[in-house]
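S.K.: Provided below are the primary sequence and the corresponding predicted coordinates.
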Amino acid sequence: MPISLLLAVLVALTVAGFYMGRSRALAGFGGKAVKLHSLPAYYGYYVALWCGIPALFIVAIWLVFEPSIIRALLISSLPPEVQSLPANRLGLVINDVRNLATGNATSVTSDPAMRTAASYYAHLKFVSQVALAILAMCIAVVGIVFGRQNVKPEFWARNRVEKAIMVILMVSSTIAVLTTIGIVLSLVFESLRFFARIPVTDFLFGLHWSPQMALRADQVGSTGAFGAIPLFAGTFLISAIAMVVAAPVGLMSAIYLSEYAPRNVRAIVKPLLEVLAGVPTVVYGFFAALTIAPFFRDSGLMFGLNISSESALAAGVVMGIMIIPFVSSLSDDVINAVPQSMRDGSLGLGATHSETIKRVIVPAALPGIVGGLLLAVSRAIGETMIVVMAAGLAANLTANPFAAVTTVTVQIVTLLVGDQEFDSPKTLAAFALGLVLFCITLVLNVIALSVVNKYREQYE
Amino acid sequence: MTTTTQIPATASALKHKRMEQFEPSVVARKVSVFYGEKQALFDVDLDIGRHEVTALIGPSGCGKSTFLRCLNRMNDTIPICRVTGKISLYGKDIHDPDIDVVHLRARVGMVFQKPNPFPKSIYENVAYGPRIHGLAASKAEMDEIVLTSLDKAGLLGEVKDRLTEPGTGLSGGQQQRLCIARAIAVGPEVILMDEPCSALDPIATAKIEELIDELRENFTIVIVTHSMQQAARVSQRTAFFHLGVLVETGETEDIFTTPKDKRTQDYITGRFG
């Protein structure tokens, strides 16, 4: 029985469990209508939970362990000379067996030993599925019976259901947390492999980035240099340019929208501004590479400046435009959160509108605005597409915005794109870069959130 | 000061004395206020005496706060609000094109219902007004203004050691006196108070009422209040508003003892409101 069908049956059983539990509660006990502790539907939910949760749990556990158990059984059935193969070769053989069993074309169709293995594999798979289906349905039915037995007038079904709901919600939130931990761990372990080959200090403080490694011993040059400083310098240069564009424009548009704009203008302009956030970054990339960069190069020539066609300036300016909505939307929210009584107090003392904004509203909203700016910075640091297209790949250590620079994210992309072997420092470097980038944005986010939280308490 | 320190022979003698002294600082004629299509105030005529406390009383939504906000043109900050009629401050129409609303609000200060100190230090809260109007030429002058204003608001003794601490850290009553100090610091002629005690406990309220009585010496005060006892305690003249109409105005003791209008009588005796 395919898994999807099994799941459908389990859902049907769960629904049936609900109605059985409820009807039992509604039918009364011993023919008399008695006072129930909870509403009848809660008895239904209670039985349904007993039916669905254990069965689904078993299915999940089964599916997790099934492949490794089948693999172990398969290996033990293979001829001994195959079993003694090194791990990666053995993996290839098992892949072939699997492909043969599912009918995909392979190179070993004619080998009788492989055919036997394939039919054994198909057999194991079939047994496993049947066993799972029977086991899951039995558990579901047992759950219904057990739950239904508990349906008694004095039984506190509502409280049990409340508790079960809490557990389900908790498990859901745990999944998000576990995923984050998993991402971090995968970064950490790959980074550790990288740092086993390249010293941490070379990576963090090296001034030269040239990740090409020699593939063969006799190859010329290309010993690889993994100093990440130029990458981080490029990242910060571009982010700084982006913030120089986004902070004033975003902040001032937020002030205009929240303080000056008539309601109907605000209703149109605010969504339009937020559309900027919805433009795919790759489109910003075109814009930067095809429109802004040539424009800067040509206007630079007019002033006698030599601006390269892939420049930190073009990437930074376009990235700044991209994060304007972040800054303006968050600032707009915090400016609106400043109580009207502050404005009245200031206006009542004879301050003008702009004096009120400058001396009361912006200072009062400043922690929130700073929080918004920090979130925008972490967005800018993590941004990839625009810089890939507009900033170039040359790892120059420079503060000159007219030169081509490269960023951490761009290098991660170039290190991992294409056919790569995953045991060379070149590809592993991507994980180390990712880890450092993750730490930086994490710290920025933590600071931003704590600043924003502090702001929340201000008027309480 | 004579009216408060001398014990008059009879109430009518005191009243007579006050009638003679009466000189209005603010004169409102046919003032109407519209919020969009809706009319909130109908042809109000009211004279507000110089260096007196005038109480505006009436049930919720009767237009007393709306009228108060006309006097320093705070209603200008509400886009849909429209004010007609004539209000003059010492004979000069406050809607005259050559009156800058910024200067008007420096002359007619305002204290709000909920204490609203800025999230700045106590010193900076008081210095805010003088600073935007350029009233102090030096740090020493500013210190002088701040300390005098805090003193006049009866707050100096409580805060003189912590002028750099945030104004939002004070208690509710202290915050409201800080707001009064902030209004005084600009050197206004008239102070408008919009239910200044409604968010305060009885002890803080008593302090503010005492302060209002002292401030009367130097300032003309208009106070909106929900509490008739408060109106009776602090004001010399009372105006009763009902449904956007000024029903009756006169000496506070007359209003509370011998109201002429049936509606005033009903409100004062607690039959509605």
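M.R.: That came in fine, so what should we check first?

S.K.: distance between stretch A:3-13 and the chain's centre?
M.R.: Computed by CA atoms, centre = their mean, to the nearest Å, the separation of stretch A:3-13 from the middle of its chain amounts to 30 Å.

S.K.: for that stretch, buried residues please.
M.R.: Across stretch A:3-13, burial judged by 16 or more other CB atoms under 10 Å in any protein chain shown covers A:6, A:9-10, A:13. Where C-beta positions appear, they are placed from N, C-alpha and C, glycine not excepted.

S.K.: burial count for A:Ala312?
M.R.: 31 (other CB atoms under 10 Å in any protein chain shown).

S.K.: just checking, it touches A:Ile241?
M.R.: Yes. Applying CB atoms under 8 Å, one finds A:Ala312 in contact with A:Ile241, separated by 6.3 Å.

S.K.: and chain A, which residues reach chain B?
M.R.: A:262, A:339, A:341-352, A:355, A:359-360, A:363-364, A:458-459 (CB under 8 Å from any CB of the partner chain).

S.K.: what about 10 Å?
M.R.: Contact residues, chain A versus chain B (CB under 10 Å from any CB of the partner chain): A:262-263, A:338-353, A:355-356, A:358-361, A:363-367, A:455, A:458-460.

S.K.: on that earlier part again, list the residues that contact both of A:Ala312 and A:Ile241?
M.R.: Residues within reach of A:Ala312 and of A:Ile241 at once, by CB atoms under 10 Å, 6 or more residues apart in numbering or on different chains, are A:Pro401.

S.K.: that older thread, ok, so of the buried residues of stretch A:3-13, who is nearest B:Phe112?
M.R.: Out of the buried residues of stretch A:3-13, the one with the shortest distance to B:Phe112 is A:Leu10. That distance is 62.7 Å, counting by CB to CB.

S.K.: just give the closest residue to the closest one, not the sequence neighbours.
M.R.: A:Ala55 (5.3 Å; CB to CB, 6 or more residues apart in numbering or on different chains).

S.K.: give me the most central residue, the chain.
M.R.: Using chain A here. Ranked by distance to the mean C-alpha position of chain A (CA atoms, centre = their mean), the top residue is A:Thr180 at 7.8 Å.

S.K.: oops, chain B please
M.R.: Central residue of chain B (CA atoms, centre = their mean): B:Leu192, 2.5 Å from the mean position.

S.K.: ok, of the residues of chain A next to chain B, which come out buried?
M.R.: When the residues of chain A next to chain B are checked for burial by 16+ other CB under 10 Å, the buried set is A:338, A:341-351, A:355-356, A:359-361, A:363-365, A:367, A:455, A:458.

S.K.: sorry, back to before: does the residue nearest to the centre of chain B sit in a helix, a strand or a coil?
M.R.: At B:Leu192, secondary structure determined by DSSP: H, G, I helix; E, B strand; the rest coil is strand.

S.K.: before we move on, what about A:Gln212?
M.R.: Reduced to three states with three-state DSSP, the structure at A:Gln212 is coil.

S.K.: ok, it touching A:Gly224?
M.R.: Yes. A:Gln212 sits in contact with A:Gly224 when judged by CB atoms under 10 Å, with a separation of 6.2 Å.

S.K.: between these two, who's got more neighbours?
M.R.: Set side by side, A:Gln212 and A:Gly224 show unequal neighbour counts under other CB under 10 Å, the larger going to A:Gly224 at 17 against 12.

S.K.: show me what contacts the more buried one?
M.R.: Per CB under 10 Å, 6+ apart, neighbours of A:Gly224: A:197-198, A:209-214, A:424-426, A:429.

S.K.: got the residues you listed as a markdown table, with pLDDT columns?
M.R.: Shown next, in a markdown table, are those (pLDDT from 0 to 100):
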| residue | pLDDT |
| --- | --- |
| A:Arg197 | 85 |
| A:Ile198 | 84 |
| A:Trp209 | 84 |
| A:Ser210 | 81 |
| A:Pro211 | 78 |
| A:Gln212 | 71 |
| A:Met213 | 63 |
| A:Ala214 | 58 |
| A:Ser424 | 78 |
| A:Pro425 | 79 |
| A:Lys426 | 81 |
| A:Ala429 | 87 |
